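Enquirer: Fold the following.
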Amino acid sequence: MEKTLLLAGDIGGTKTVLAIFEDEGSGLPIKPLIEKTYPSSDYGALEEIIELFMRDFTGQISAASFGVAGPVVNGRSQVTNLPWLIDVKNLQSTLGIETVTLLNDLEAIANGVPYLQEDDVVQLKEGQKSNSGAIGVVAPGTGLGEAFLVWTGSRYESYPSEGGHTSFGPISELQVDLLNFLSKKFGHVSYERVCSGSGMPNLYQFFKETNRFEEPSWLAQELENSNDPTPIIVEHAVHRTANICIATLDLFFEILAGECANMALKLMSTGGIYLGGGIPPRLIPQLQDSTFADVFESKGRFTAFLKQVPVFIICNPKIALYGAAYQGLSTAKMRVT
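Expert: Residues are numbered from 1 along each chain as shown. Here you go, the predicted structure:
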């Protein structure tokens, strides 16, 4: 069988990872032949990075696939946090090939989920996983990404979602107060406003400005001197050096658990819920010690169903790159067929 050489990429606001993959048709997990990482902001366009990367590769690729941190519409994407407009037609011209796939980064992550190995995940909640049940992906990072997979009868197919921008639904009196507090600031309060790296400071400000917790002067100074308060809040929550930070992270976990349960109910996710993004893998012990499982299952008449839905944390940091590669190889095979 002829081998397929694929260029795959994970394109983000901070870094761009490119790799060459080879598929021999074995159906086993693939590994990159070459892989390089570039600081995205050092370049004016993705095409510049591709041309630089391809100079060191003497082979001939037949397909390419890129996961992009931004919505993809009609083969085009404006990358979040970068002045790049990525267009499939321009990529086809740059690479000199016809088979180029552009997909949202969460869709790319979802594509990689069926290929995850045992050491790529940590099980956060027990359950009975169905081998053909729908799968939900919830990924709190800088923002809140969501995607899902459905079984087609022969394989899983992934779909993007903007579920992170749906309206936040409080599940406790404290969360009702949080919603009222943030509504005055934002109007519409999405889950991303309360369940992401960019949203965590909103929880902190809620506790501070409603006088539920006192902000120590040393912490106020530390936050004032930082461009990003979230790592500081998380650090002091993990080390339990500031009660306001501990409360912030606890509330974050509660909201995350509630939204994961929402996803499980909407999809009937008997295949499980997978937590991606940058935050969960960094906080595995804290998530394991939290009330995540109890909150997840607290959905009234559907508690029994949710007890059967397993939850996993994706620990493989290259899941988006691998997911883009699997999608690209699948697309290439379909075109050949």
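Enquirer: can you pull the buried residues of stretch 223-243?
Expert: 223, 229-230, 232-234, 236-237, 242-243 (16 or more other Cβ atoms under 10 Å). Where C-beta positions appear, they are placed from N, C-alpha and C, glycine not excepted.
Enquirer: Same question for stretch 171-190.
Expert: Neighbour-count burial for stretch 171-190 flags 171, 174-175, 178-179, 181-182, 189-190 (criterion: 16+ other Cβ under 10 Å).
Enquirer: Please work out which residues outside it touch it.
Expert: Stretch 171-190 is contacted by residues 144, 164-168, 170, 193-194, 202-203, 206, 209-210, 251, 254-255, 258, 295, 298 when judged by Cβ atoms under 8 Å, 6 or more residues apart in numbering.
Enquirer: mind running it again at 6 Å?
Expert: 165, 168, 170, 202, 206, 258 (Cβ atoms under 6 Å, 6 or more residues apart in numbering).
Enquirer: and of the buried residues of stretch 223-243, the nearest to Thr37?
Expert: Closest approach between the buried residues of stretch 223-243 and Thr37, by Cβ to Cβ: Thr230, at 22.9 Å.
Enquirer: and Ala110, what element?
Expert: When elements are assigned from DSSP states H and E, Ala110 belongs to helix 105-112.
Enquirer: tell me the mean pLDDT for that helix?
Expert: Rounded to a whole number, the mean pLDDT of helix 105-112 is 93.
Enquirer: Could you do stretch 140-160 as well?
Expert: Mean per-residue pLDDT for stretch 140-160: 93.
Enquirer: now for the one helix or strand Ala147 maps to, which elements pack on it?
Expert: According to DSSP H and E, Ala147 maps onto strand 144-151. Contacts defined by 3 or more Cβ pairs under 6 Å, 6 or more residues apart in numbering; DSSP states H and E place strand 144-151 against helix 105-112, strand 135-140, strand 156-161.
Enquirer: Tell me how far the longest one lies from the chain's centre.
Expert: Computed by Cα atoms, centre = their mean, to the nearest Å, the separation of helix 105-112 from the middle of its chain amounts to 8 Å.
Enquirer: just stretch 195-214 next, same as before
Expert: The mean C-alpha position of stretch 195-214 is separated from the chain mean by 23 Å, Cα atoms, centre = their mean.
Enquirer: For it, give me every contacting residue.
Expert: So stretch 195-214 is contacted by 140-144, 178, 181-182, 192-193, 215, 229-230, 233, 243-244, 247-248, 251-252, 255-256, 259 (Cβ under 6 Å, 6+ apart).
Enquirer: Can you flag which of the residues you listed belong to strands?
Expert: Mapping these onto strands (DSSP state E) picks out 140, 144.
Enquirer: Buried ones in the least confident helix or strand in the chain by mean pLDDT, by neighbour count?
Expert: Least confident helix or strand of the chain, by mean pLDDT, DSSP states H and E, is helix 319-336 with a mean of 82. Buried residues in helix 319-336, counted by 16+ other Cβ under 10 Å: 319-332.
Enquirer: quick revisit: of the buried residues of stretch 171-190, which belong to helices?
Expert: 174-175, 178-179, 181-182 (DSSP state H).
Enquirer: In CSV: these, plus pLDDT and distance to Ser62.
Expert: Shown next, in CSV, are those (pLDDT from 0 to 100; distance: Cβ to Cβ, whole Å):
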residue, pLDDT, distance to Ser62
Leu174, 98, 55
Gln175, 98, 51
Leu178, 98, 51
Leu179, 98, 51
Phe181, 98, 54
Leu182, 98, 49
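Enquirer: Output the below-cut-off pLDDT ranges for this protein.
Expert: Applying pLDDT under 70 to the chain flags the ranges 1-2, 24-29, 333-337.
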